[in-house]
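**Student:** Sharing a model prediction with you, sequence too.
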There are 2 protein chains.
Amino acid sequence: MGKAEKKKGNQSFSFENPVKIVAGACVGGKMESEGPLGSFLDASDETDKFGGENWEDSESRMLKQTVETALKKAGVKGNEVEYIISGDLLGQMIASSFGIKALEIPMLGVYGACSTMGESLLLASVLIDGGFAECTVAATSSHFASAEKEFRFPLAYGTQRPPCTTWTVTGSGATVLKRAEASESGIFVTGATPGKIVDYGITDKMNMGACMSPAAASTIAAHLNDFGILPEHYDKIITGDLGEIGSEILVDLLKAKGYDITKQHMDCGLTIYDNQKQDVHSGGSGCGCAAVTLNGYILEQMRKDIWKRILFVPTGALLSTVSSNEGNTVPGIAHAVVLEKR
Amino acid sequence: MGKAEKKKGNQSFSFENPVKIVAGACVGGKMESEGPLGSFLDASDETDKFGGENWEDSESRMLKQTVETALKKAGVKGNEVEYIISGDLLGQMIASSFGIKALEIPMLGVYGACSTMGESLLLASVLIDGGFAECTVAATSSHFASAEKEFRFPLAYGTQRPPCTTWTVTGSGATVLKRAEASESGIFVTGATPGKIVDYGITDKMNMGACMSPAAASTIAAHLNDFGILPEHYDKIITGDLGEIGSEILVDLLKAKGYDITKQHMDCGLTIYDNQKQDVHSGGSGCGCAAVTLNGYILEQMRKDIWKRILFVPTGALLSTVSSNEGNTVPGIAHAVVLEKR
């Protein structure tokens, strides 16, 4: 389904021009470096501080380091990047603002909670395919300590966490995209399905997997439906941070919609940590969860031709402490991006 | 400068396809309805509550009402809108998330602080010009009371405000965009310049005009330079919410760069209120400031052929209470959008 054929009412679109992933980079903290994806990190800091004066500063520095590493790997100078799309979980997105300002690259801030890597990748690709740029960067970050401070209680309180909670990943990912020639080989972003906000009325902010899975189901079903394909079209359908409980719900919800993704489904939140050994309860979460898994593990699997076609669906829970304290529900959103090796 | 001619290193781009503003709507609170732009509001609520249970809920309801009003004025049904781009000032952008979820339109959340109307308009136009959508909506909101709660102290404390402060607008704007035929007349989005984050090291969060003016100067200079034009190319160059002090600094900074915008410059923050009578100190601010002024006043001036060509440059201060409390500077950002009547 090319853009020209895009039907009214369809959520999805395909890219007509080759939007090539030139390089991806990811940086993580101590736990991430000790987890199953540790070897895929470009760098890590066992203090989780990245030289920062406070946790927000640490997250900003980690993000900046990630973007710089991605540019280096891509052989691209900062002034060759026309636009950077980035966002994070902190109030008013200060991790991105302070992380990116020194790079002096025109910046478009995005917010999709933990689905941000999907949104930034999607929009960075739109800018290239639409002819607005030759080279863009998609990025995002999260940090366990800055997220705990933003959303919960000071760490020193030692707040108890129920088993359905997930652990915010200290990590950042950045993807460098370029317009390529049709003859080039590599990994390409070939389509996307921006998501709707879906709210099943769940108010338990400790169970974000359950809050986000209806949004993931909505976006994946819309995607498969728009393109008239079945789950087996993809080697993997990879959600962001649904964790154990959310993943189960997603599979069930999609079965009810007529799609069985059991064989294809993978969740970054269940991939980035060893849930048992690392005691993270239901899995990893945060913008960094999908971002690190994509830019480290997933891209490497594609480079090795283990996976040729991926539907990458980061998931976000659209809450704040204010909305939760006011008794509000936790709506979810998920943006899908198609990655193809050729 | 068409996209095909876009030079590397240029921040700006032009749209090749006619991206038409089919309708704009704006809704405000009591003070906004009593100000100079009151007659341009589509609706207002003298309680500022919009039926909400709390100020965040009020802001969400105001935003939803604005989008619905814009769709009605455009004669467009919700399910005809392919993507809505929206953002706001609240932590994790709950005004947009909760305001838009019931509309069931695929949503891309953006954050540019008070520059958000520029960013949402820019990206909503990119999606149409790039062939990804036929119909999009750009929206944003701010609310005096929810912003005070987010950024300052409970209103009941009666905190004193220095003369350089601005007053957060209770208001929301939404613009409905459609791909048009080349032969159509009307108001079109014809180009844009996404901004860089600019930080002059100012830490006084009570003087946001000063913090944002360097970013506005950077974006406007880049825009004029990219297109090889002078300020007189435009009937008006309209910044978002620099207020009295920021506007003076902007004019000076641009003079130093060789551009005199004295005759063309207008600031939404100095337009939306009667600064003296309404006691708002340095002017209006917030995402709603530029959004209401655009969708009410500016579009109407263009409809009446009073202005034919506008550079709309909303400005944002990229701070949070956390970044300020940690002693950080207040970086600014400004995104420019070209509007033309033909």
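**Tutor:** Cool, the structure landed. Residues are numbered from 1 along each chain as shown, chains lettered A, B, ... in the order given.
**Student:** Isn't A:S324 up against A:D204?
**Tutor:** No: using C-beta atoms under 8 Å as the test, A:S324 is too far from A:D204 to be in contact (9.4 Å). The C-beta positions use only the backbone N, C-alpha and C, and glycine is treated the same way.
**Student:** who touches both of these two?
**Tutor:** A:V330 (C-beta atoms under 8 Å, 6 or more residues apart in numbering or on different chains).
**Student:** what about those two, which has more around it?
**Tutor:** Neighbour count, other C-beta atoms under 10 Å in any protein chain shown: between A:S324 and A:D204, A:S324 has more, with 18 against 14.
**Student:** sec struct for that one, please.
**Tutor:** Classification of A:S324 using DSSP: H, G, I helix; E, B strand; the rest coil returns helix.
**Student:** where does it land on pLDDT?
**Tutor:** pLDDT for A:S324: 92.
**Student:** next one: A:K7
**Tutor:** Looking at A:K7, its pLDDT stands at 55.
**Student:** A:Y157: neighbouring residues, count only.
**Tutor:** Using other C-beta under 10 Å, A:Y157 has 9 neighbouring residues.
**Student:** Pop out the phi and psi values for it.
**Tutor:** Dihedral pair for A:Y157: phi -70, psi -20, per degrees, to the nearest 10.
**Student:** A:F312 bridge partners, please.
**Tutor:** A:I238, A:V337 (DSSP bridges).
**Student:** Now for it: which residues touch it?
**Tutor:** A:F312 makes contact with A:M117, A:G118, A:L121, A:I238, A:A290, A:L294, A:I298, A:A336, A:V337, A:V338, A:L339, according to C-beta under 8 Å, 6+ apart.
**Student:** in what helix or strand does the spatially closest residue to A:D88 that is not a sequence neighbour lie?
**Tutor:** What sits nearest to A:D88 in space, not counting adjacent residues and going by C-beta to C-beta, 6 or more residues apart in numbering or on different chains, is A:A95, at 4.0 Å. Following DSSP states H and E, one finds A:A95 within helix A:94-100.
**Student:** A:E32 contacts A:A291, doesn't it?
**Tutor:** No: here A:E32 does not reach A:A291: they are 11.1 Å apart, not a contact under C-beta under 8 Å.
**Student:** The residue in the stretch 1-150 of chain A that chain B sits nearest to and A:V81, how far apart?
**Tutor:** Nearest residue of the stretch 1-150 of chain A to chain B: A:G130, at 2.5 Å (C-beta to the nearest C-beta). According to C-beta to C-beta, to the nearest Å, A:G130 stands 17 Å off from A:V81.
**Student:** One more: A:G284?
**Tutor:** Distance from A:G284 to A:V81, by C-beta to C-beta: 28 Å.
**Student:** A:I310 belongs to a helix, doesn't it?
**Tutor:** No: per three-state DSSP, A:I310 lies outside any helix segment and is strand.
**Student:** The nearest residue to A:L318 once chain neighbours are set aside - how many residues pack around it?
**Tutor:** Nearest residue to A:L318, sequence neighbours excluded (C-beta to C-beta, 6+ apart): B:S97, at 3.9 Å. Neighbours of B:S97 under the rule other C-beta under 10 Å: 32.
**Student:** my guess is B:S97 contacts A:P331, does it?
**Tutor:** Yes: under the criterion of C-beta under 8 Å, B:S97 makes contact with A:P331 at 5.9 Å.
**Student:** A:T203 sits in which helix or strand?
**Tutor:** A:T203 belongs to no helix or strand when assigned by DSSP H and E.
**Student:** what pLDDT does it get?
**Tutor:** pLDDT for A:T203: 93.
**Student:** tell me the contacts of it?
**Tutor:** By C-beta under 8 Å, 6+ apart, the contact set of A:T203 is A:S324, A:G327, A:N328, A:T329, A:V330.
**Student:** Give the closest residue to the closest residue to chain B within the stretch 151-300 of chain A in space, chain neighbours not counted.
**Tutor:** Nearest residue of the stretch 151-300 of chain A to chain B: A:I197, at 3.9 Å (C-beta to the nearest C-beta). Excluding its sequence neighbours, the residue lying closest to A:I197 (C-beta to C-beta, 6+ apart) is B:K101, at 3.9 Å.
**Student:** What is the neighbour count of that neighbour?
**Tutor:** Residues near B:K101, counting by other C-beta under 10 Å: 21.
**Student:** so where's chain A uncertain?
**Tutor:** Residue ranges of chain A with pLDDT under 70: A:1-9.
**Student:** circling back to that earlier point, most neighbours of all the contacts of A:T203, which one?
**Tutor:** Within the contacts of A:T203, A:V330 tops the neighbour count with 25 neighbours, counted by other C-beta under 10 Å.
**Student:** so which strand or helix has it?
**Tutor:** Taking DSSP H and E as the definition, one finds A:V330 inside no helix or strand.
**Student:** residues in contact with it?
**Tutor:** A:V330 is in contact with A:D199, A:I202, A:T203, A:D204, A:K205, A:M208, A:C211, A:A317, A:L318, A:L319, A:S323, A:S324, counting by C-beta under 8 Å, 6+ apart.
**Student:** out of these, which is most surrounded?
**Tutor:** A:L318 (32 neighbours).
**Student:** Now do the same contact list for that residue.
**Tutor:** Going by C-beta under 8 Å, 6+ apart, A:L318 touches A:A113, A:I197, A:V330, A:P331, A:G332, A:I333, B:Q92, B:M93, B:I94, B:S97, B:F98, B:K101.
**Student:** what are the phi and psi values for the first one?
**Tutor:** Meaning A:A113. The phi and psi values for A:A113, taken as degrees, to the nearest 10, are phi 50, psi -130.
**Student:** who does the nearest residue to it once chain neighbours are set aside bridge with?
**Tutor:** Spatial nearest neighbour of A:A113, chain neighbours left out: A:G316 (3.1 Å); criterion: C-beta to C-beta, 6+ apart. A:G316 has these beta-bridge partners by DSSP bridges: A:I333.
**Student:** Can you tell me the number of residues neighbouring A:G316?
**Tutor:** A:G316, neighbours per other C-beta under 10 Å, totals 35.
**Student:** how much space between it and B:T140?
**Tutor:** 19 Å.
**Student:** cool, and A:S39?
**Tutor:** A:S39 is 43 Å from B:T140, by C-beta to C-beta.
**Student:** list the contacts for the closest residue to A:V280 other than its chain neighbours?
**Tutor:** Nearest residue to A:V280, sequence neighbours excluded (C-beta to C-beta, 6+ apart): A:W167, at 3.8 Å. Applying C-beta under 8 Å, 6+ apart, we find A:W167 in contact with A:M31, A:F144, A:Y273, A:Q278, A:V280, A:H281, A:G283, A:G284, A:S285.
**Student:** So in terms of bridging, what pairs with A:W167?
**Tutor:** Going by DSSP bridges, A:W167 forms beta bridges with A:G284.
**Student:** again with A:V137
**Tutor:** Beta-bridge partners recorded for A:V137 (DSSP bridges): A:I84, A:V176.
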